[in-house]
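J.: what follows is a predicted protein model with its sequence.
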Amino acid sequence: MRVGLELLELARSQRAHSIFVVGTGRDVGKTTTLRAIYAAACERKLRVGVASIGREGDMLRNDLRRKPRLWLQPQTLFVTARSVLPRTPASEVLAISSLQSPAGALVYARVASSAFYELVGPPTASGIREVVDQLASRSEIVTIDGAVDRIAALAGTAGAIVIAGGAATANTMPEVVDEIAALVARLRTPAFDPQAPAIHIEGALLAGRIAALIADGETRQIVVRDPTQIGLSGRPALAALARLRIRCLRPLRVIATTVASIGPNRAFEPRAFAAAVAAATGLPAFDVYAGTRAA
Amino acid sequence: MKPLTLLDPASAQILGFDWLTSAVAPVSPYGERRFAELRPFFAGEEAAAESRADSISALAAALDVDRLEAARVTLRDLPDAAGAIARASMGDILADPSFLELRRFCEGVDRVDGLVADRASRPRLAGDPVRAIFEALAPGRGEDGGFYLAGAFDAGLEAAREALVREQAELDSARGREKERAARELGRDEIAGDEFIVMRADLHGRLPAGVRVVREAPTYLLCSLEYGEAALAALARRDAAAEAAAEAEERVRVGLSAIVREHADGLDAAAAALGELDVLLAAARFAQRHGCVPAAVSQEPELGFEQARFLPLESELATAGRRFIPLDLALHDVAVLTGPNMGGKSVSLQTCGFVALCGAFGLPVPASRARVGLFDQIAWIGIGREERAGGLLSSFAREVLALKEIFVRNAPRLLLLADEFARTTTPHEGKALLIALLARLRRMRSCGMLATHLGGIALAAGVRHFAVRGLRGIPERPPTQEVGEALAALAGSMDYTIAEVAGDELPRADAIALTALLGVDQEFVSRAYQALVE
């Protein structure tokens, strides 16, 4: 089983030109998943662009050791901060963006020699869309290292989304499974039906409003602009999505999950974990460490 | 653009200084730096002010709208190479993004020259230093317009990189063989990533050689694959080759940085000239858009114009589909301006201030012809000013304090624009204050215009008297109660012309006519007319 290749093919079969890997937290195998997809894309001789969603830039200040680096192949396009771009090996510097990150102005560059590179992205959702658009204009596939707390950046994307979850984020397997299922369910909020009655929500749909709608026994569609506008996570999100007909104008495309059964403080049984996530989400669950898939 | 002591903040706001600043703002970082240094011209700098306005007008005449816009787009897209030039001049070894900025700067200068210099008979900005840097960095230009420290810069670099590629391929091959072997022995397709899981149930016998257990769990082992002897040897050779390539790259950067350092002064001069051109192009665009002409800059504190416009209001009116009525005026001392409500007295004063402001910054002025003196202070008192203040003072007290500040400063060349100063006190005392103010301004040899509804002031103070001609007749009350329609009817009946009048103005009843026009009931209006003649 070659997980990266399977994920890449899954995305390409749905005509996605970008793949966002969004982790439910830290140490959940997000970067490992991204590496696997990237390696598969390189093997397929695709022109690849890679980017990161802001958070890594924030980490630079305080915790450089935790900063994931990617071994990038020649011809790969990437985005990083000017101050982080390595002097050697030299890259082809394509443009200096007006977008800023906490580590300075962003630069678009093309890898000339294989090496480890640090990715830094813009902190805003609009900046991330701009970066992805720029990379997409010069690439066949763009892979984006996402973060759950920068989820607004997904708004309006036509790319495929892979959710990475792992043992690091909660104490028990059921809790982690619920967490992953809630994020998947939220991001897979269906498109609204224009023929059916609906309440349109301007901006974010927050917990207070959701509670009021449930209390009122609302049966009409509750329509948000896109799934990132739903301001709930975990079990409360699952409950709200089950009790209300929450819909969106611009649906997102979640294609799969990946699981990391090992966390810094605990480990789950890999096959059972992947199977539980697949069952809870209705999506294929890949274990990038074990090289297995649960459907 | 800094007003320095020319304008206080309240006068700046009333006279549209922010609007003007925005209308003549440059687009490049070079232009922004130059723009931030701009200050008004003062007495003694008349030739320089006139020359600047002439240059701007010449540019506006030489360049059509499209060419001027193309030059501005080029300028807007230029990276800021000032930091790179400064660092190189201090002996720093520049990084590759800086080389990209410098090359794009040189390309931009050349493009701007092509768009502007040849057409407008201006000296080219791309001199020897710009050409030298352009040529030095040319081997690094990629197909996408990026910059790469290419092998073409140095044969040694090319060789070092080729060696690195060979060693990397050998390392990949050695490591790949190790991974393939381990995967095969574990019965899986591949080993991806640094760490991987081996299920105990799938493990028959011992782990393959080189596979190290990182962590054990009841049902699986978390493993990593150690480097074997062949891979370690290849890794050492690859690292040595990478170090050699890094040294070769840095040598090229040292050489390129030295060339930049050698031409730093020339590049600085080109950047400064580019900034100046950006500022001039912005002003030329302003002149084109608003039909501005260079004023004759007088050595006297005077102000005269034909067909002048107060551009902030003209733009606002244009948005509403209405037209600004241009004004003619000649002011070389102090004068009184009277006229009906909504007859344009305030706008006339604002037009005076705006034209004087444009002249002070060496900008073409919005008029068909103008003569402008350079003032040390352009001050506004009266209506409009009090809206900026608050607190415990009455509006009259605030006016008086503003006037006191003007007297204390005692600017040698003052343009004072007073809009209904002292209107909030008794007409009797207000008139006295205005007469005293006119006398003081004459003593200060100032230029000024005092708009008022009070009669007899010009005659009493012995100054010239201008008047807005006012309503040509009583406008028809519009059939609806729409304020917009009433204003349109008023504009159609109002003669905004300013004319010098001898003696005092004849009593008029324009205010009562306006009251009727704006929809107040007829009985009230009739009673007002009756009271007027009683």
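T.: Received, thanks. Numbering: from 1, shown residues only, chains lettered A, B, ... in the order given.
J.: only C-alpha atoms from now on, for both contacts and neighbour counts.
T.: Fine.
J.: now do residue B:511, the pLDDT please.
T.: On pLDDT, residue B:511 comes in at 81.
J.: how close does it sit to chain A?
T.: Distance, residue B:511 to chain A, by Cα to the nearest Cα, to the nearest Å: 49 Å.
J.: quickly find the element holding that residue.
T.: Per DSSP states H and E: residue B:511 is located in helix B:510-517.
J.: packing partners of the next helix or strand after that helix?
T.: Using DSSP H and E, the helix or strand that follows helix B:510-517 in sequence is helix B:522-533. Judged by 3 or more Cα pairs under 8 Å, 6 or more residues apart in numbering or on different chains; DSSP states H and E, the packing partners of helix B:522-533 are helix B:510-517.
J.: specify the angle between the helix it packs on and helix B:522-533 in degrees.
T.: 170 degrees (axes from the mean of the first three to the mean of the last three Cα atoms, to 10 degrees).
J.: what residues does helix B:510-517 touch?
T.: B:340-341, B:470-471, B:474-478, B:486, B:490, B:522, B:525, B:528-529 (Cα atoms under 8 Å, 6 or more residues apart in numbering or on different chains).
J.: of these, buried ones?
T.: Among the contacts of helix B:510-517, those classed as buried by 16 or more other Cα atoms under 10 Å in any protein chain shown are B:340, B:470-471, B:474-475, B:477-478, B:486, B:490, B:525, B:528.
J.: is the helix or strand residue B:83 falls within anywhere near chain A?
T.: Per DSSP H and E: residue B:83 is located in helix B:82-89. No - residues of helix B:82-89 contacting chain A under Cα under 8 Å from any Cα of the partner chain: none, with a closest distance of 13.2 Å.
J.: okay, now the unreliable bits of the stretch 1-150 of chain A?
T.: Residue ranges of the stretch 1-150 of chain A with pLDDT under 70: A:1, A:54-68, A:148-149.
J.: which residues of it lie near chain B?
T.: Counting by Cα under 8 Å from any Cα, the stretch 1-150 of chain A sits next to chain B at A:1-2, A:32, A:35-36, A:82, A:87-96, A:113.
J.: these in strands, which ones?
T.: Using DSSP state E, the subset of the residues of the stretch 1-150 of chain A next to chain B located in strands is A:92-96.
J.: up against chain A, what does the stretch 51-200 of chain B have?
T.: Residues of the stretch 51-200 of chain B lying near chain A by Cα under 8 Å from any Cα: B:95-97, B:100, B:142, B:144-149, B:165, B:188-190, B:192-193, B:195-199.
J.: kindly recompute the last result at 7 Å.
T.: Within reach of chain A by Cα under 7 Å from any Cα of the partner chain, the stretch 51-200 of chain B has these residues: B:95-97, B:144-149, B:189-190, B:192-193, B:195-198.
J.: so which strand or helix has the residue nearest to residue A:192 when sequence neighbours are not counted?
T.: Nearest non-adjacent residue to residue A:192, counting by Cα to Cα, 6 or more residues apart in numbering or on different chains: residue A:247, 4.8 Å away. Assigned by DSSP H and E, residue A:247 belongs to strand A:245-248.
J.: now that strand: average pLDDT?
T.: Throughout strand A:245-248, pLDDT has a mean value of 94.
J.: tell me the mean pLDDT for the following helix or strand past it?
T.: As assigned by DSSP H and E, the chain's next helix or strand after strand A:245-248 is strand A:253-260. Averaged over strand A:253-260, pLDDT sits at 95.
J.: so how far is whichever helix or strand comes after strand A:253-260 from its chain's centroid?
T.: The helix or strand immediately downstream of strand A:253-260 is helix A:270-281, counting by DSSP H and E. On the basis of Cα atoms, centre = their mean, to the nearest Å, helix A:270-281 sits 19 Å off its chain's mean C-alpha point.
J.: which residue lies farthest from the center of the chain?
T.: Assuming you mean chain A. Computed with Cα atoms, centre = their mean, the maximum C-alpha offset from the centroid of chain A is found at residue A:216, amounting to 34.0 Å.
J.: sorry, I should have been clearer: chain B.
T.: Distance from the C-alpha centroid of chain B, by Cα atoms, centre = their mean, peaks at residue B:205 (75.5 Å).
J.: and the residue of the stretch 201-350 of chain B found nearest chain A, its phi and psi?
T.: Of all residues in the stretch 201-350 of chain B, residue B:246 sits closest to chain A, at 5.5 Å by Cα to the nearest Cα. Here is the backbone geometry of residue B:246 (degrees, to the nearest 10): phi -60, psi -40.
J.: wouldn't it be in contact with residue A:89 here?
T.: Yes - Residue B:246 is in contact with residue A:89 according to Cα atoms under 7 Å; the separation is 6.3 Å.
J.: higher neighbour count, the two?
T.: Neighbours were counted for residue B:246 and for residue A:89 using other Cα atoms under 10 Å in any protein chain shown; residue A:89 has more, 21 against 18.
J.: quick one, what contacts the more buried one?
T.: With contacts defined as Cα atoms under 7 Å, 6 or more residues apart in numbering or on different chains, residue A:89 is in contact with A:113, B:246.
J.: again, only using 8 Å
T.: Contacts of residue A:89 by Cα under 8 Å, 6+ apart are A:112-113, A:115, B:242, B:245-246, B:249.
J.: quickly find the element holding the residue lying closest to residue A:120 once chain neighbours are set aside.
T.: Computed as Cα to Cα, 6+ apart, the closest residue to residue A:120 that is not its neighbour in sequence is residue A:80, at 4.2 Å. Secondary structure assignment for residue A:80, by DSSP H and E: strand A:77-81.
J.: so what secondary structure elements neighbour that strand?
T.: strand A:48-52, strand A:104-110, helix A:125-136.
J.: ok, and what's touching it?
T.: Residues contacting strand A:77-81 (Cα under 8 Å, 6+ apart): A:48-52, A:57, A:101, A:103-111, A:118-121, A:131, A:135, A:139.
J.: try stretch B:251-260
T.: Stretch B:251-260 is contacted from outside by B:85, B:88-89, B:91-95, B:133, B:136-137, B:149, B:153-154, B:157, using Cα under 8 Å, 6+ apart.
J.: for it, buried residues please.
T.: B:251-254, B:256-260.
J.: gap between the residue lying closest to residue B:146 once chain neighbours are set aside and residue B:29?
T.: Once flanking residues are discounted, residue B:146 sits nearest to residue A:94: 4.0 Å by Cα to Cα, 6+ apart. Noted for residue A:94: a distance of 20 Å to residue B:29, by Cα to Cα, to the nearest Å.
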